[in-house]
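Visitor: Got a sequence here, can you build the structure:
(2 chains)
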Amino acid sequence: MKNRLKVLRAERDWSQADLAERLDVSRQSVNAIETGKYDPSLPLAFRIARLFGLTVEDIFPQD
Amino acid sequence: MSRFTPAQRRYNRRVLWLSLVYALLLFGAVYAFRRDLLAGPVAWAAAILPALPIVGIFAAIGLYLAEEQDEYVRMLMVRQTLWASGFALSLATIWGFLESFRLVGHVESFYVAVLWFGGLGLGACANRLTFARGG
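Guide: You can find the predicted model right below:
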């Protein structure tokens, strides 16, 4: 699934490890989500959205 | 964050201890049976003992899956165990038929566990191919 995670992270100047720490997941997970290789569960998607102050749809747009 | 999740560290520690216990029990059982030191119920117990740490490793894998908080890492391990199960059961089934038609010799059934652990490695390779690092 395409997402804006990498862009949002770059805007805040966070590394994958920074984001992983803030989400309490592994850097491996952040990388897999960013590259669209893994779709997060609904609870994790909400956690990501909350961290960036956005909605789930803002981060994971349905095109 | 460390290379391993907290659940992975616990799992590694458990497997390390169980492997150590397995080596000791196996060594003890082989030694005792080779010298005909055991008979009756004690022989049964001594024969079963080395299997228990292996059963423990299966339990440690189940415990790990229950404890792992990182859903992506957990999914990778679930995929590995599915590969392992498919691989071990397929080979055991094929071998079973070959054996029943007397085309191959008998192989002790604990080798299914060996195949299963080999299958975990296969699953790790499959994960690497499917979710190869990038970005």
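
Visitor: switch to C-alpha atoms for all contacts and neighbour counts from now on
Guide: Will do.

Visitor: Determine the longest helix present in chain A.
Guide: What stands out as the longest helix in chain A, according to DSSP state H, is helix A:42-52.

Visitor: Pull out the buried positions in that helix.
Guide: Buried residues in helix A:42-52, counting neighbours by 16 or more other C-alpha atoms under 10 Å in any protein chain shown, are found at A:Leu44, A:Ala45, A:Phe46, A:Arg47, A:Ile48, A:Ala49, A:Phe52.

Visitor: which of the residues you listed lies closest to chain B?
Guide: Closest to chain B out of the buried residues of helix A:42-52 is A:Leu44 (8.7 Å), distances taken as C-alpha to the nearest C-alpha.

Visitor: Tell me the spacing between the closest one and B:Ile61.
Guide: Applying C-alpha to C-alpha, to the nearest Å, the value for A:Leu44 to B:Ile61 is 24 Å.

Visitor: And the residue nearest the centre of chain B?
Guide: In chain B, the centroid-proximal residue (C-alpha atoms, centre = their mean) is B:Phe117; its distance is 4.4 Å.

Visitor: ok, and the closest non-adjacent residue to that one?
Guide: B:Ala84 (6.6 Å; C-alpha to C-alpha, 6 or more residues apart in numbering or on different chains).

Visitor: Can you give me every residue that contacts that neighbour?
Guide: Counting by C-alpha atoms under 8 Å, 6 or more residues apart in numbering or on different chains, B:Ala84 makes contact with B:Leu115, B:Trp116, B:Phe117, B:Gly118, B:Gly119, B:Leu120, B:Gly121, B:Leu122, B:Gly123.

Visitor: Does it lie in a helix or a strand, and which?
Guide: Element membership for B:Ala84 (DSSP states H and E) is helix B:71-100.

Visitor: on that earlier part again, which helices and strands does the longest helix of chain A pack with?
Guide: Judged by 3 or more C-alpha pairs under 8 Å, 6 or more residues apart in numbering or on different chains; DSSP states H and E, helix A:42-52 is in contact with helix A:16-23, helix A:56-59.

Visitor: how about those helices, which one is nearest chain B?
Guide: Smallest distance to chain B across the helices and strands packed on helix A:42-52 (C-alpha to the nearest C-alpha): 6.9 Å, for helix A:16-23.

Visitor: Would you map out the domains in chain B?
Guide: Domain assignment for chain B by automatic domain parsing gives B:1-68, B:70-135.

Visitor: picking that back up, quick one: which of the contacts of B:Ala84 is nearest A:Tyr38?
Guide: B:Gly123 (16.9 Å; C-alpha to C-alpha).

Visitor: Which helix or which strand is home to that closest one?
Guide: B:Gly123 belongs to helix B:111-130 when assigned by DSSP H and E.

Visitor: mind checking how far that helix is from the chain centre?
Guide: With C-alpha atoms, centre = their mean, to the nearest Å as the basis, helix B:111-130 stands 10 Å off its chain's centre.

Visitor: In a markdown table, list the helices and strands packed on helix A:42-52 along with mean pLDDT, mean neighbour count and distance to chain B.
Guide: Below are those laid out as a markdown table (pLDDT from 0 to 100; neighbours: other C-alpha atoms under 10 Å in any protein chain shown; distance: least, C-alpha to the nearest C-alpha, whole Å):
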| stretch | mean pLDDT | mean neighbour count | distance to chain B |
| --- | --- | --- | --- |
| helix A:16-23 | 95 | 16 | 7 |
| helix A:56-59 | 94 | 16 | 18 |
